[in-house]
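**Student:** build me a model:
(2 chains)
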Amino acid sequence: MARLNDDAQWIILMGFLVSFSLFFLALIINQSTVVGQSTAESVIEFPKNDIRDISHVIKEHAEKNGKIDDRVYHDIINLSIQREGAVVNYTLNTQYYQRLDVFNHSLIHYNNGVTTYSENWTSE
Amino acid sequence: MVVRGFSLAERGVSEAIGFILIFSIVIAGIGLVTLYGYPMLLKQQTSANERIMEKNMIVLQNDVKSLAYKTVPYKETSLKIDGGSLTVYNSTSTPAVSRLDIRDCDPSGDEYIGAFQSGDLRYSSESAGTDISLQNGAVVMRPHAEPGSVMLAEPRWFYDAQTNTMVINLIGFNSSYTIARAGIGTVQMAMGETGYTRVDIPAGNLLCVVYTPDPTPEGQNYQVAWDNYFINSMKMTPTGTDHEYRLPTDVTNPAILVIKKYDVIIKSL
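**Tutor:** Alright, predicted model coming up:
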């Protein structure tokens, strides 16, 4: 019998290494679908434009009048719950620092069951 | 490896016995794989099918969410249904998968929603022995053999404490006939009619939800899943009467109850 030649042992070792790394990769790939999906969902879920729209409407209204018009107030609230399914509420105060320094202060509350958003806004 | 200093021993068993030894090791290996490995692979496949379908149902739930909350008129999703079948049960089908009543806790009080039936989109797996159902905006799952159920994805009901508002979204399924599908299919959904009810509840009035599961003995009972959702997620309190829960509204102040109803039409599977 010829001498044992162990020069090629590294091939087997490499084989082990590759197969183990494949195994771990498979585990990671298995997890990634779940993570990707939930991340994508939360990005879609965030109601950025709804919040912007509502906050914009309220601020515009506040700048013009300085006080809540009852009709507009209820319109904003009813539209947001009917169209966007979000509960919206806001308060508006006119405050006087000096005799001539008047500014509006508003607290905006938004909740659509997934995202709750509060804004504390002061006019210039 | 050759250890230097020793001569390589060439004495040993004959080649025939060596061959038999190696051969029997190979046969034993093959035997073990067929006996234990193969059934394990099959089981893996079954549970993979089930998991894929869980994900699919959550994708379908997202479609329903888009239709209902984002006023998207139409949605289409292609999916592969393995190891079972996907069936649509109308909101009018009997036995109803569940029934919801929303009313004043006082039995003589007003009833806001009477006997709402959601119907469901149900995946029934023969190999894994489970049902996964998309009903009323939630994804729930139950095993065939034993009682109990679990909610995989919650519906979007919420209570806003600042305005003392309870918002309840009811989503029903409708299709012109019962459709079932196995294999690759496309679920086409369209938005039907929507309903909106807003009720101002005076201070001191309690609001209750009554959830009645499928009453048939071998029926689709998802009581445990909904029970957990009502009590743990929505912070409702059981009133003591069967299947009745009190909504988490603040009784000392006037409350607002908003009920939105959506009708999702399933065009095809």
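
**Student:** chain neighbours aside, what residue packs nearest to B:D82?
**Tutor:** Ranked by CB to CB, 6 or more residues apart in numbering or on different chains and with sequence neighbours excluded, the top spatial neighbour of B:D82 is B:N49, at 4.4 Å. Glycine gets a C-beta too; all of them are placed from N, C-alpha and C.

**Student:** and if you look at B:T165?
**Tutor:** Closest residue to B:T165 apart from its sequence neighbours, by CB to CB, 6+ apart: B:I256 at 4.4 Å.

**Student:** returning to that earlier point: pretty sure the residue nearest to B:D82 is in a helix, no?
**Tutor:** Yes: read with DSSP: H, G, I helix; E, B strand; the rest coil, B:N49 is one of the residues of a helix.

**Student:** burial measure for it, as a count.
**Tutor:** 19 (other CB atoms under 10 Å in any protein chain shown).

**Student:** returning to what we had before: before we move on, which element is the residue nearest to B:T165 in?
**Tutor:** According to DSSP states H and E, B:I256 maps onto strand B:255-268.

**Student:** so how many other residues sit close to the residue in chain A positioned nearest to chain B?
**Tutor:** At 3.4 Å from chain B, A:G113 is the closest residue in chain A, using CB to the nearest CB. Applying other CB under 10 Å, we find 19 other residues in the vicinity of A:G113.

**Student:** test my guess that it contacts B:R156.
**Tutor:** Yes: between A:G113 and B:R156 there is a contact under CB atoms under 8 Å: 4.6 Å.

**Student:** hey, what's in contact with both of those two?
**Tutor:** By CB atoms under 8 Å, 6 or more residues apart in numbering or on different chains, A:G113 and B:R156 have these common neighbours: A:G85.

**Student:** helix, strand or coil for residue 80?
**Tutor:** Just so you know, I chose chain A. Reduced to three states with three-state DSSP, the structure at A:S80 is helix.

**Student:** can you check the one 5 residues further on too?
**Tutor:** In three-state terms, and counting by three-state DSSP, A:G85 is coil.

**Student:** what is the neighbour count of it?
**Tutor:** 24.

**Student:** surely B:T216 touches B:P95?
**Tutor:** Yes: taking contact to mean CB under 8 Å, the distance of 5.0 Å between B:T216 and B:P95 places them in contact.

**Student:** the closest residue to B:L247 other than its chain neighbours bridge partners, please.
**Tutor:** Spatially, and ignoring its direct neighbours in sequence, B:L247 is nearest to B:L207 (4.1 Å; CB to CB, 6+ apart). Legend: beta-bridge partners of B:L207 under DSSP bridges are B:D104.

**Student:** related to what we said a few turns ago, just confirm the residue of chain A closest to chain B is within a strand.
**Tutor:** No: applying three-state DSSP, one finds A:G113 to be coil, outside a strand.

**Student:** which residues does the closest residue to it other than its chain neighbours contact?
**Tutor:** Spatial nearest neighbour of A:G113, excluding adjacent residues (CB to CB, 6+ apart): B:F158 at 3.4 Å. Residues touching B:F158, when contacts are defined by CB under 8 Å, 6+ apart, comprise A:87, A:111-113, B:166-167.

**Student:** among these, which one lies nearest to A:L22?
**Tutor:** The shortest distance between A:L22 and any of these, using CB to CB, involves A:G113 and amounts to 42.8 Å.

**Student:** tell me the spacing between the closest one and B:Q45.
**Tutor:** Remark: distance between A:G113 and B:Q45 (CB to CB, to the nearest Å) = 37 Å.

**Student:** report the beta-bridge partners for the closest residue to chain A within the stretch 151-269 of chain B.
**Tutor:** For the stretch 151-269 of chain B, the nearest residue to chain A under the criterion CB to the nearest CB is B:F158, separated by 3.4 Å. Assessed by DSSP bridges, B:F158 has beta-bridge partners B:V167.

**Student:** go on, B:I171?
**Tutor:** The residues listed as beta-bridge partners of B:I171 by DSSP bridges are B:Y262.

**Student:** how about B:I266, what does it touch?
**Tutor:** Contacts of B:I266 (CB under 8 Å, 6+ apart): B:88, B:121, B:173-175, B:179, B:187-189.

**Student:** which residue sits closest to it in space, ignoring its chain neighbours?
**Tutor:** Spatial nearest neighbour of B:I266, excluding adjacent residues (CB to CB, 6+ apart): B:S175 at 4.3 Å.

**Student:** can you pull the pLDDT of the most centrally placed residue in chain A?
**Tutor:** Ranked by distance to the mean C-alpha position of chain A (CA atoms, centre = their mean), the top residue is A:F46 at 4.0 Å. Per-residue pLDDT puts A:F46 at 80.

**Student:** which positions in chain B make contact with chain A?
**Tutor:** With CB under 8 Å from any CB of the partner chain as the criterion, chain B meets chain A at residues B:1-2, B:8, B:10, B:55, B:58-59, B:62, B:68-69, B:71, B:156-158, B:160, B:162-163, B:165, B:167, B:169, B:196, B:198, B:258, B:260.

**Student:** so where's chain A shaky on pLDDT?
**Tutor:** For chain A, applying pLDDT under 70 flags the ranges A:1-2, A:32-44, A:65-66, A:99, A:124.
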